[in-house]
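> following is a predicted model, sequence given first.
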Amino acid sequence: MTTPNLTQDLLDRGIELFQQGHYKSAIEAFDRCMETALKHGESDLWDRAYCNRSGVAIELGDADDAIRELREIVLRSSDDENAFLAAYNVARYYELEKDPRRASFYARVARDRCQRLGRRDWLAWSHNQTGNLLIAESQFEEACTEYENALRVMPAPRSVPRALILDNLGYCRVVQGRHEEGLELLFESIRTLTAFGATREQARPRLSLCYAYLEIGRLRPALRQSLRALEIAVEHDDHGSVKNAHYLIAETYKQLGQDELAHDYFVRLQQRYYPDAPHVPDLLMAVDVRTLINLKA
C-alpha cells in the first residue's frame, strides 16, 4: 500500500465513521490521517483531514481553537473541496454560536465552491445548512424548500446526514400544521438513526416528535419522547437539547395536569440557564411554551 493510499484510506474511514454517527472514532481516524499526511508532505490531504476533524469537533461543541485555521484554509486553499469544507464548517460554527451574519457569509462561500464541484452529497449539506439558517429566523416555508432540495440531491438513500435533514423538514411541517406528513418524516429520521446506532443524534428528532405529539394532543407519547431526549442529551453533553427538553417536559406535565412536576422542571431550567431570573418558572407556568421556543433556532 502506497503512502498516499494509506492517507486517503484513513480519511475515507474517518468520513464513514462520522456519517454513521461514531464521532470519537472519526476524530481518531482523522488524527491518524493528519499525522500521516504531515509526515509525507501531503498538504492538501492534511487540510482535508483537518477540515473533517473540525467538523466533528464543532458538532461536539469543542472547536473554538479550530476556527482561525479553517478561515485560513478558506483563503489560502486552491483546492475547491478543502475550501468548501472549511467554509461550511465555519458557517456551522457560527450557526451554533447564534451569529447569523457570519454564518450566512460563510454559507454563501461554501455554496459557491460546492457548485463548482458537482458533489451531490456536499450540495445536499449546503442546502441543509441554508435551511438551518432560515429556520432559525422562523422562515419555515423557505427552509422547507431548502430541505426538500437537500433530500432530492442527496445520493445516499439512507444515512445519518439524511436522517438529520428529515428531522429538520419534519419539524417544519409540524410547525406549518402538516402534522401527518411531519410525523412520518420524524419517524423515518429516528428509525434511520436507530439502525445506524447513532444514539447522540436522536435527541433532536425525539424533541421534534415530542413537539408534534403535543400539537395533536397525544401527551403520554410526548412525555416519553421528551424524557428519552433529555436522557440522551445529558449523556452526550448536548446542551441545546437539554435546554429544550426541560421546556417540553415541563409543558407536557402542565398539560397533563401535573403542575408540581411541571414547575419542578421549569425551576431546573431557570436555575441552569436563567440563574438571575427567579420569576421565570412562574411566568412559564402561565403560558404555552410552544409559542416561545423554536427547537431549531
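Looks like it arrived, so ask away.

> residue ranges with poor pLDDT in the stretch 151-297 of the chain?
Applying pLDDT under 70 to the stretch 151-297 of the chain flags no residue at all.

> would you state the helices of it in chain order?
For the stretch 151-297 of the chain, the helices identified by DSSP state H, counting those that start in this stretch occupy 160-175, 179-195, 203-215, 219-235, 239-255, 259-273, 280-285, in order along the chain.

> from these, which stretch is densest packed?
Highest mean neighbour count of the helices of the stretch 151-297 of the chain: helix 203-215, a mean of 26 (counted as mean count of other C-beta atoms under 10 Å). C-beta coordinates here come from the backbone N, C-alpha and C atoms, glycine included.

> for that one, packing partners?
helix 160-175, helix 179-195, helix 219-235, helix 239-255 (3 or more C-beta pairs under 8 Å, 6 or more residues apart in numbering; DSSP states H and E).

> turn those helices into JSON lines, columns for distance to Tyr23.
Rendered in JSON lines, the data for those read as follows (distance: least, C-beta to C-beta, whole Å):
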{"stretch": "helix 160-175", "distance to Tyr23": "10"}
{"stretch": "helix 179-195", "distance to Tyr23": "13"}
{"stretch": "helix 219-235", "distance to Tyr23": "13"}
{"stretch": "helix 239-255", "distance to Tyr23": "15"}
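
> and Arg120, which of the ones you listed is closest to it?
Arg120 lies closest to helix 160-175 among these, at 11.9 Å (C-beta to C-beta).

> what is the distance between that closest one and the centre of its chain?
10 Å (C-alpha atoms, centre = their mean, to the nearest Å).

> do stretch 96-103 as well
Stretch 96-103 sits 14 Å away from the centroid of its parent chain (C-alpha atoms, centre = their mean).

> can the helices of the stretch 151-297 of the chain go into CSV with extra columns for distance to Phe18?
Written out in CSV, the entries for those read as follows (distance: least, C-beta to C-beta, whole Å):
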stretch, distance to Phe18
helix 160-175, 8
helix 179-195, 14
helix 203-215, 17
helix 219-235, 18
helix 239-255, 19
helix 259-273, 29
helix 280-285, 37
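
> of all these, which one is nearest Thr36?
Judging the helices of the stretch 151-297 of the chain by C-beta to C-beta, what sits closest to Thr36 is helix 160-175, at 25.8 Å.

> which other helices and strands does that closest one contact?
Packing partners of helix 160-175 (3+ C-beta pairs under 8 Å, 6+ apart): helix 120-136, helix 140-153, helix 179-195, helix 203-215.

> and Ala103, which of the three is it?
helix (DSSP: H, G, I helix; E, B strand; the rest coil).

> excluding chain neighbours, what is closest to it?
Spatially, and ignoring its direct neighbours in sequence, Ala103 is nearest to Tyr94 (3.8 Å; C-beta to C-beta, 6 or more residues apart in numbering).

> look at that neighbour and report its pLDDT.
Residue-level confidence at Tyr94 comes out at 94, pLDDT.

> ok, Arg111 next?
Looking at Arg111, its pLDDT stands at 92.

> same question, Met1
If you check Met1, the pLDDT there is 38.

> tell me the spacing between the residue nearest to Ala103 and Phe30.
With distances taken as C-beta to C-beta, to the nearest Å, Tyr94 is found 22 Å from Phe30.

> neighbour count winner among the two?
When Tyr94 is set against Phe30 and neighbours are counted by other C-beta atoms under 10 Å, the residue ahead is Phe30, at 27 against 21.

> now the more buried one: which helix or strand?
Per DSSP states H and E: Phe30 is located in helix 23-39.

> helices and strands around that helix, which ones?
In terms of contact count using 3+ C-beta pairs under 8 Å, 6+ apart, helix 23-39 is assigned the packing partners helix 3-19, helix 43-59.
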